[in-house]
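Asks: Need a 3D model of the sequence below.
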Amino acid sequence: MRVIKTVSEMSAEAARLRGEGKHIAFVPTMGNLHEGHLSLMRAARPRANVLVISIFVNPLQFEPGSDFDAYPRTFREDLKKCEPVGVDIVFAPTEPDLYPEGFQTTVEVTEISKGLCGDFRPGHFKGVATVVLKLFNIVKPHVAVFGEKDYQQLCVIRRMVKDLNLDVEILGHPTVREADGLAMSSRNQYLSPDERKRAALLYKFLTEARKRYERGERRAQALIARVQNGLARDPRISVEYVSIRDRETLAPLDTVDRPAVMALAVHIGKTRLIDNIFLDQQKM
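Replies: Model prediction:
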């Protein structure tokens, strides 16, 4: 496993690999790796000759006053986790190398970035789209894998790839969960033991809403109310949003009559958590 820390070296290596006819799979991360990240790498590994991951805490996707400085940097531990899952190259650029002096170009996927997290994290998806496009141009992957936990992010990346005619296949990978259903996230470590117990309620009420859907309930507001009312019983949980959206366009739905995703965001203490669940059996 190689560690590459400069844009120029990574770009040259990617060009060399492609010139040799090698296929490149790519998993972008911000480090602090957990089983959710490793599952993306395992999914990507058999799809190419070379597996590249990136570790870069992207300042552009953190809004002012957020936890950018506090975001855990665990580079040595991350490297130990990468090699057993078959990572060939870890690309770990510095901020000045990726965003050199004078950098002023950003990428914005306008409509699909609105609503859901886009309403509460201004500029977040612009930062995501910008860094992912830069990484795609540097790593030159044939396929890239993203987790479905960050579902709006996945949709933003798919839209950008389609709109800009990028030659990379985007694959979504199912959310990896703890034994009690909590979606794995680097932010889970911010939770106190008591908050951690409360966090399991997110998936509990999402699955209850899905059971109602499976029993025939198609009114979006009725399904949303089930989740909202359940979470409202715990005064320590502050609900940011609960919404049901078209699975592809993320347009809000009044009636669940097509492939849909139910998504939510809450605050438990100082920690913001997101989760989602599909309301049908079809996979995208």
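Asks: buried sites along stretch 228-238?
Replies: For stretch 228-238, burial by neighbour count (16 or more other Cβ atoms under 10 Å) applies to 228, 230-231, 237. From N, CA and C alone the C-beta is placed, and that goes for glycine too.
Asks: How about stretch 153-173?
Replies: 153-161, 166, 168, 170-173.
Asks: wait, which of these is closest to residue 248?
Replies: Ranked by distance to residue 248 (Cβ to Cβ), the buried residues of stretch 153-173 are led by residue 155 at 7.5 Å.
Asks: Which parts of the stretch 151-284 of the chain are helices?
Replies: 151-163, 193-199, 201-214, 220-232 (DSSP state H, counting those that start in this stretch).
Asks: Restricting to C-alpha, output stretch 119-133 in CSV.
Replies: Output of stretch 119-133 as CSV, limited to C-alpha atoms (Å, rounded to 0.1, in the frame of the first residue of the first chain):
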residue,chain,number,x,y,z
ASP,A,119,-31.5,24.2,4.2
PHE,A,120,-29.5,23.8,7.4
ARG,A,121,-25.9,23.6,6.1
PRO,A,122,-25.5,26.5,3.7
GLY,A,123,-22.6,25.9,1.3
HIS,A,124,-22.1,22.4,2.4
PHE,A,125,-22.9,20.7,-0.8
LYS,A,126,-21.1,23.2,-2.9
GLY,A,127,-18.0,22.3,-0.9
VAL,A,128,-18.7,18.6,-1.4
ALA,A,129,-19.2,18.9,-5.1
THR,A,130,-16.1,21.0,-5.5
VAL,A,131,-13.8,18.7,-3.6
VAL,A,132,-15.2,15.5,-5.3
LEU,A,133,-14.8,17.0,-8.8
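Asks: what comes up buried for it?
Replies: By neighbour count with 16+ other Cβ under 10 Å, stretch 119-133 contains the buried residues 121, 123-133.
Asks: gap between it and the chain center?
Replies: 12 Å (Cα atoms, centre = their mean, to the nearest Å).
Asks: Which residues does it contact?
Replies: For stretch 119-133, the surrounding residues in contact (Cβ atoms under 8 Å, 6 or more residues apart in numbering) are 28, 56, 58-63, 98, 105-109, 113, 117-118, 152-153, 156-157, 160, 164, 166, 240-241, 265.
Asks: returning to that earlier point: need the helices of the stretch 151-284 of the chain in a markdown table (columns: mean pLDDT).
Replies: Putting the helices of the stretch 151-284 of the chain into a markdown table (pLDDT from 0 to 100) gives the following:
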| stretch | mean pLDDT |
| --- | --- |
| helix 151-163 | 98 |
| helix 193-199 | 97 |
| helix 201-214 | 97 |
| helix 220-232 | 97 |
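Asks: May I see those helices organised as CSV, with distance to residue 258 added?
Replies: Converted to CSV, those look like this (distance: least, Cβ to Cβ, whole Å):
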stretch, distance to residue 258
helix 151-163, 15
helix 193-199, 30
helix 201-214, 12
helix 220-232, 11
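Asks: quick check: domain ranges of the protein?
Replies: Following the assignment in automatic domain parsing, the chain carries domains at 2-173, 186-277.
Asks: out of the buried residues of stretch 119-133, who's nearest residue 255?
Replies: Nearest to residue 255 among the buried residues of stretch 119-133 is residue 125, at 27.0 Å by Cβ to Cβ.
Asks: Quick one: residues contacting residue 142.
Replies: 23-25, 48, 167-169.
Asks: how close does it get to residue 64?
Replies: Taking Cβ to Cβ, to the nearest Å as the measure, residue 142 falls 36 Å from residue 64.
Asks: The residue lying closest to residue 6 once chain neighbours are set aside: which element?
Replies: Excluding the flanking residues, the one nearest residue 6 by Cβ to Cβ, 6 or more residues apart in numbering is residue 97, at 5.9 Å. Using DSSP states H and E, the element containing residue 97 is helix 95-98.
Asks: residues contacting the nearest residue to residue 13 once chain neighbours are set aside?
Replies: With sequence-adjacent residues excluded and distances taken as Cβ to Cβ, 6+ apart, residue 13 is closest to residue 4, at 6.5 Å. The neighbourhood of residue 4, defined by Cβ under 8 Å, 6+ apart, consists of 10, 13, 89-92.
Asks: Who does residue 4 form a beta bridge with?
Replies: When assigned by DSSP bridges, residue 4 has beta-bridge partners residue 91.
Asks: I'd like to know how far it sits from residue 153.
Replies: 24 Å.
Asks: same question, residue 99
Replies: Applying Cβ to Cβ, the value for residue 99 to residue 153 is 20 Å.
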